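Chemist: coords please:
(one chain, ligands or ions: 1)
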Amino acid sequence: MKHMVVMDGLKGSDIRPPALLSKFRELSIKESSNYFGNPARLVSIPCPACDSSVYLPVFVKNGFQYNRCSECASVFVSPRPTHEALVRYYNSSKAGKFRVDYFSRKTEESRRIHVLRSRVNWLGRIVDGVNNGGTGGFGDIGTNYPVIFDEVKKLDLFDGFYSIRPSPGMEGYIVNKKARVSQDNPTGLGALTAFEQLEHEYSPYDYIKDAYDMLSDNGVFFLTTRTISGFDLQVLWEKASYIFVPEHLNLLSIKGITKLFTRCGLDLMEISTPGQLDVELVLHAIKEDSSIKLPSFIDYILRSCSTETHNDLQQFLQRNRLSSHLRIAARKGGKND
Ligand SMILES: [Zn+2]
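Modeler: All right, here's what the predicted structure looks like:
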């Protein structure tokens, strides 16, 4: 199975303007307490990656219990809001509305340059390699970045474009890109993307099963998410300020997400952690929060070594699947049909 290393000088502030992220986090924490504060309405779940019921509490953040699976080491919120409560939150809360600004308008240009183009190139290379003849349609689940349709159309590989259950308020932007907004699941897709979605889904299993059903044989599912196996989350743990409810209910481990895709019948083609920001995120965190205590070796590397060493460390993390930004390409092989 492939994995990739990418270094192009990306900075966290390029894709997540700090003032916007801070406002988005504040709103999310405040409103999740209003929407989900009643413990009687939360439900306990087994591990969302491997389905094991054996797990231990590891920390409480903003009133929500995070646990670690004893089988696959995924970290997840349980008890958690129901699927229906999460849909209501994203449809009607101020934080849900703010997402539209946060993800699309004010970050559109930098996102487009730094991230989307490289993701779409990745998609094009893989789809070109697996499909013989017609590739069918292209779908993006939970569209946050409508510009993806401009980029995918340039590939000239697909005969239809669907935005499946986009973030509420995003519809107008999507129609402008001449893609179809669909609240149902289309079928026969040659490629399907879901960027930074899995972490806030009630059931990752149901989510990936739905993706399986939407793909044609040889269709490929492209997904990005954060993994708890990555450097910054392993080092910062609950002190990672950019992890908050309900945006981050599932922080699955590499082992857990591999099991999850296998359970859903998809064949993994690539599982990589091409993240470029782990070292920068930890450096930023220790500057902002003096209560964070790092293991002495990590502290020495970050505070006393050169930028060149930091870059080397980040490349080491990428090569060894130890960055927290995970990307996956998985193919529907037709064996479960
Ligand atoms: Zn597990």
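
Chemist: which stretches in the stretch 51-200 of the chain count as helices?
Modeler: Here the stretch 51-200 of the chain has its helices, by DSSP state H, counting those that start in this stretch, at 83-92, 94-100, 108-111, 117-130, 148-153, 171-176.

Chemist: and the strand ranked longest in the chain, which residues are buried?
Modeler: Counting residues, the longest strand in the chain under DSSP state E turns out to be strand 215-226. Residues of strand 215-226 classed as buried by neighbour count (16 or more other C-beta atoms under 10 Å): 215-216, 218-226. All C-beta spots, glycine's among them, are computed from the backbone N, C-alpha and C.

Chemist: low-confidence ranges in the protein?
Modeler: Within the chain, the set of residues satisfying pLDDT under 70 comprises 1-17, 103-113, 131-134, 334-337.

Chemist: name the residues of it found near the ion, please.
Modeler: Remark: the part of the chain in contact with the ion comprises 47, 49-50, 52, 69, 71-72, 74, 256, using C-beta under 5 Å from the ion.

Chemist: distance check, the residue of the stretch 201-337 of the chain found nearest the ion against Ser52.
Modeler: Of the residues in the stretch 201-337 of the chain, the one nearest the ion is Gly256, at a distance of 4.7 Å by C-beta to the ion. Look at Gly256 and Ser52: by C-beta to C-beta, to the nearest Å, they are 9 Å apart.

Chemist: cool, Tyr212 as well?
Modeler: Remark: distance between Tyr212 and Ser52 (C-beta to C-beta) = 22 Å.

Chemist: these two: which is more packed in?
Modeler: Set side by side, Tyr212 and Ser52 show more neighbours around Tyr212, with 18 against 15, by other C-beta atoms under 10 Å.

Chemist: re earlier: how far does the longest strand of the chain sit from the chain's center?
Modeler: 13 Å (C-alpha atoms, centre = their mean, to the nearest Å).

Chemist: helices or strands up against it?
Modeler: helix 117-130, strand 189-195, helix 204-214, strand 325-332 (3 or more C-beta pairs under 8 Å, 6 or more residues apart in numbering; DSSP states H and E).

Chemist: one more time with 6 Å, if that's ok
Modeler: Using 3 or more C-beta pairs under 6 Å, 6 or more residues apart in numbering; DSSP states H and E as the contact criterion, the neighbours of strand 215-226 among helices and strands are helix 117-130, strand 189-195, strand 325-332.

Chemist: dump these into TSV; add mean neighbour count as well.
Modeler: Formatted as TSV, the entries for the helices and strands packed on strand 215-226 read as follows, by neighbours: other C-beta atoms under 10 Å:
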stretch	mean neighbour count
helix 117-130	16
strand 189-195	25
strand 325-332	23
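
Chemist: ok, which of those comes nearest Gly142?
Modeler: Distances from Gly142 to each of the helices and strands packed on strand 215-226 were compared using C-beta to C-beta; the minimum, 6.5 Å, belongs to strand 189-195.

Chemist: how about Cys47, nearest residue that isn't a chain neighbour?
Modeler: Computed as C-beta to C-beta, 6 or more residues apart in numbering, the closest residue to Cys47 that is not its neighbour in sequence is Cys69, at 3.9 Å.

Chemist: give me the distance between the one you found and Val75.
Modeler: 8 Å.

Chemist: and if you look at Phe59?
Modeler: Applying C-beta to C-beta, one obtains 9 Å for the distance of Phe59 from Val75.

Chemist: then Gly124?
Modeler: Here Gly124 is placed at a distance of 33 Å from Val75 (C-beta to C-beta).

Chemist: kindly report the same for Cys264.
Modeler: As defined by C-beta to C-beta, Cys264 lies at a distance of 20 Å from Val75.

Chemist: do Leu260 as well
Modeler: Distance of Leu260 to Val75, given as C-beta to C-beta: 14 Å.

Chemist: again, but for Leu86
Modeler: Remark: distance between Leu86 and Val75 (C-beta to C-beta) = 18 Å.

Chemist: can you check Arg165 too?
Modeler: 26 Å.

Chemist: that older thread, please indicate which of the residues of the chain next to the ion are buried?
Modeler: Under a neighbour-count criterion of 16+ other C-beta under 10 Å, the subset of these counted as buried comprises 47, 49-50, 69, 71-72, 74, 256.

Chemist: return the member of those nearest to Asp159.
Modeler: Nearest to Asp159 among those is Ala49, at 34.3 Å by C-beta to C-beta.

Chemist: skipping adjacent residues, who's closest to the closest one in space?
Modeler: Distances taken as C-beta to C-beta, 6+ apart put Gly256 closest to Ala49, at 2.9 Å, once the chain neighbours are dropped.

Chemist: is the one you found in a helix, a strand, or coil?
Modeler: Under DSSP: H, G, I helix; E, B strand; the rest coil, the three-state class of Gly256 is helix.

Chemist: cool, and Asp299?
Modeler: In terms of secondary structure, Asp299 is helix; the call rests on three-state DSSP.
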